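In: using only what follows, build the 3D model:
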Amino acid sequence: MKKTLFGLLLLGTTLFAEVTHVQATPKFITETKLKIIDIRTEGEWIQTGVIRGSHLITFFDERGNYDIETFLSQLDNVVTKGEKFALICRTGSRTRMISNFLGQKMNYDVVNLQGGLMKLFREGFQPEFYTPNQKK
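Out: Presented below is the predicted three-dimensional model:
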């Protein structure tokens, strides 16, 4: 039920969201000055690696649960309101929902990296290995 309500909330925000949607490309990753927030799970970071210098803040856990207050608290330790930043996940599905929520409901200036890490990998992007002490 909790997931359904959150899904409906996020679906409703997509109609009015003021979010920038950009294709995830190796060039964008290497040339951007924006902070990149990787919202995947630790298991995903271990499996595929991470973008060098990205900030690792999980939104959904391995069971699909989430804690918005904890996520926002961790996010606020990395970015300030009005500071533009980018979100990335595995394929872009989670970041689409979360960036719309953050942009419309929470007034963050967020870039959704469409296609996620999988798109980057298909285009030859080489991540760095994840180590647990890397989480920022």
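In: separation between the closest residue to Asp38 other than its chain neighbours and Ile39?
Out: Excluding the flanking residues, the one nearest Asp38 by Cβ to Cβ, 6 or more residues apart in numbering is Ser54, at 4.7 Å. C-beta here means a position set from N, CA and C on the backbone, and glycine is covered the same way. Using Cβ to Cβ, to the nearest Å, Ser54 is found at 10 Å from Ile39.
In: how many residues are close by Phe121?
Out: 17 (other Cβ atoms under 10 Å).
In: swap that for Ile88, sorry
Out: Counted with other Cβ under 10 Å, the neighbours of Ile88 add up to 27.
In: that one pairs with what?
Out: Asp38 (DSSP bridges).
In: isn't it right up against Leu113?
Out: Yes: contact criterion Cβ atoms under 8 Å: Ile88 and Leu113 qualify, at 4.4 Å.
In: so what pLDDT did the residue nearest to Asp38 get?
Out: Predicted confidence (pLDDT) for Ser54: 97.
In: what does Leu72 give?
Out: 97.
In: residues in contact with Ser54?
Out: Lys35, Ile36, Ile37, Asp38, Ile88 (Cβ atoms under 8 Å, 6 or more residues apart in numbering).
In: could you flag which of the residues you listed are buried?
Out: Ile36, Ile37, Asp38, Ile88 (16 or more other Cβ atoms under 10 Å).
In: mind putting those into TSV with pLDDT and distance to Ser73?
Out: TSV is the format used below for these (pLDDT from 0 to 100; distance: Cβ to Cβ, whole Å):
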residue	pLDDT	distance to Ser73
Ile36	98	19
Ile37	98	13
Asp38	98	17
Ile88	98	20
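In: nearest to Gln104 among the residues you listed?
Out: Ranked by distance to Gln104 (Cβ to Cβ), these are led by Ile37 at 17.3 Å.
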